[in-house]
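# sequence and predicted structure, then a few things I'm wondering about:
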Amino acid sequence: MKKAITRFAPSPTGYIHIGNLRSAIYPYLTAQQTGGKMILRIEDTDRERYVEGATELIEDTLKWVGLDWDEGPLVGGPSEPYFQSERRDIYMKWVQKLLDSGRAYADPTPPEKIDEYRRECNAAKKPFLYRNYRPENPPKWEPGMPIRFKSEPKSYDWHDEVMGDMHTGPEVCDDIILIKRDGYPTYNFAHIVDDAEMGITHVMRGVEYLPSTPNYLALYEAFGLDRPLLVSLPHILAPSGNKKLGKRDGAKSVTEYRSDGVLPEAMLNYLACLGWNDGTEKEIYTKDELIKAFSLDRIQNSGARYDETKLLWMNGQWIRRIFDEQGARALYDRTVNFWPEEAASYPEDYRVKVLSIIYDRLKTMSDLRTMTTYFFTDPEINVDTIINNKFLKKISESEIEDLLKKTISELTNLKEWNEESIQDALNKLLSDTNRKPAELFSLIRIAVSFAPFSPALNLTLDVLGRETTLARLNAVARAI
RNA sequence: GGUUCCGUCGUCUAGUGGUCUAGGACGUCUGGUUCUCAUCCAGAAAAUCGCGGGUUCGACUCCCGCCGGAAUCACCA
């Protein structure tokens, strides 16, 4: 397979949502699969939307998901610089070629005049084409004046790897702006120059660029450039309605999911499979499996709705997979920032133990904060919780006290404290007291945790330790 | 309005003329795993394949029309 040079070219506007990230995944997979390269290029030509620190956020997010770029900020490369704002002399050099060949012109028309033309067309229900208003004798260019492409109305045919064979008529070709009044290039122009200079073979971007493709094709022609492979990526749709996903829809940023404890593996897996599948029934993919299985022509050509529930399900799958395949310690290493405050004073080994009995209940790592508090702090005793429990309602308070006392003495006399010995003791208690598991186990579980749920009772007691278990049982016995 | 794209369970999707009385996954519901919650396992409900015409012995799959949805028409990317 021919080596693909792809690029991810975001604008540093400060917020990376699910959709932004996905458009980095496909170029990455394509490059990896063919043994090529992915270039990271920062498209910061819009000075008004530029946000300080946004570039770092992009870099950080890509690294977190494991989408390493081969050329670009931080790593450098032969086509430096990788910030468009630092490449202005390059764009001027290229635009000069067009000026010289008569394929571009300086436009002295004031913006207000252009708005007027546009309004006229709208009123007449006609498409607004600037080439119909082209100034007759454009002046020599000087700074402060925009430069426009001199288009030729013609039909175009091309192939899009996702959308298939495309055709448009001459009515879409227009005199697009190449260099803005402020001297910065437009996206429309800059990306053509950069892609050519950087040797990009696959131009992968959102479908919103599909309608302007003929103008890009015209530019390739004017420069005598070979067309790269064009790949339009469908949008991700918001959870409700039919609009593409944006911040307005409450779309969480990738950063937020990260701090909620979504694993990068799950994020990558979910996003790669949103609108793509390899035709098999496989759902869980590692990065390497994705690289192997990926193919552009299996990308869906309609928009896919974003479903957070499925992301969270997948995250749970990954949490369990890491635990099962790499062990408790490996999973623990991913949890450092997610424990309740009080956990800090407990040894690491203890936290690993807690994790290994609770991990299969986690949807996100941040669940740890709410689900494990009783392992680190004595719960507040609330006798009503016991008395009103559906299994304990029918048992009198004195009987409950008696059950607790029997449990305490049985556990006190245990020779060893481990999951098996505790289970044996619990079973013995069951037959001695002639109680149902629902009654005895509920009582002990509540007395020791006062939590809405906990792992299997013997495991919970084992991790809590004999001392804590007995202390809590005694405290409850006294309170009743 | 012009241009372009899209249309299979609620959602993500499989499906390239017969094997589809349409398969998988998420979600939902039911049952099982000594208590709870979850995991796991088993099972259920859920798609007149947008609609209407053709072509064909036969269409979700090919053709035409319609309807619906989306993108775009910036000195934003």
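Structure received.
# just for the stretch 101-250 of chain A, where's the confidence low?
Within the stretch 101-250 of chain A, the stretches with pLDDT under 70 are A:247-250.
# the residue of chain A most remote from its centre is in what secondary structure piece?
Relative to the centre of chain A, the most outlying C-alpha is that of residue A:398, 55.2 Å out, by CA atoms, centre = their mean. Taking DSSP states H and E as the criterion, residue A:398 maps to helix A:397-412.
# give me every residue in the stretch 1-150 of chain A lying close to RNA strand B.
Proximity of the stretch 1-150 of chain A to RNA strand B is assessed by CB under 7 Å from any atom of the strand, with A:9, A:11, A:43, A:45-46, A:49, A:107, A:109-111, A:114, A:118, A:125, A:127-128, A:146 identified as the residues in range. Where C-beta positions appear, they are placed from N, C-alpha and C, glycine not excepted.
# mind giving me the PyMOL command for buried ones among these?
In PyMOL, a selection of the buried entries from these looks like this (16 or more other CB atoms under 10 Å):
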select buried, chain A and resi 9+11+43+45+46+107+109+146
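# point out the residues in the stretch 201-350 of chain A that sit beside RNA strand B.
If contact is defined as CB under 7 Å from any atom of the strand, the residues of the stretch 201-350 of chain A in contact with RNA strand B are A:207-212, A:235, A:237, A:241-244, A:273-275, A:277, A:279, A:281, A:283, A:298, A:300-305, A:307, A:309-310, A:313, A:316-317, A:320.
# pretty sure residue A:84 sits against residue A:185.
Yes - the criterion here is CB atoms under 8 Å, and residue A:84 meets it with residue A:185 at 7.1 Å.
# so between the two, which is more surrounded?
Applying other CB atoms under 10 Å to residue A:84 and residue A:185 shows that residue A:185 carries more neighbours, namely 27 against 24.
# the more buried one and residue A:277: what is the separation?
Separation of residue A:185 from residue A:277 (CB to CB, to the nearest Å) stands at 38 Å.
# on that earlier part again, and the residues of the stretch 201-350 of chain A next to RNA strand B, which of them are in helices?
Among those, the members falling in helices are A:309-310, A:313, A:316-317, A:320 (criterion: DSSP state H).
# just the buried ones out of these, please.
Members of these that pass the buried threshold by neighbour count (16+ other CB under 10 Å) are listed as A:316-317.
# pick the one among the ones in helices among the residues of the stretch 201-350 of chain A next to RNA strand B closest to residue A:342.
residue A:316 (25.0 Å; CB to CB).
# for the helix holding residue A:398, packing partners?
Other helices and strands packing on helix A:397-412, by 3 or more CB pairs under 8 Å, 6 or more residues apart in numbering; DSSP states H and E, are helix A:383-387, helix A:419-433, helix A:437-449, helix A:466-479.
# which one of these lies nearest to RNA strand B?
The minimum distance between RNA strand B and the helices and strands packed on helix A:397-412 falls on helix A:437-449, with 2.5 Å, by CB to the nearest atom of the strand.
# relative to helix A:466-479, how tilted is the helix or strand immediately after that closest one in the chain?
Scanning the chain past helix A:437-449 towards its C-terminal end, the next helix or strand to appear is helix A:457-464 (assignment: DSSP H and E). Counting by axes from the mean of the first three to the mean of the last three CA atoms, to 10 degrees, helix A:457-464 lies at 110 degrees to helix A:466-479.
# what lies in contact with helix A:457-464?
Surrounding helix A:457-464, the residues in contact under the criterion CB atoms under 8 Å, 6 or more residues apart in numbering are A:350, A:353-354, A:357, A:375, A:411, A:417-420, A:422-423, A:426, A:441, A:444-445, A:448-449, A:454, A:469, A:472.
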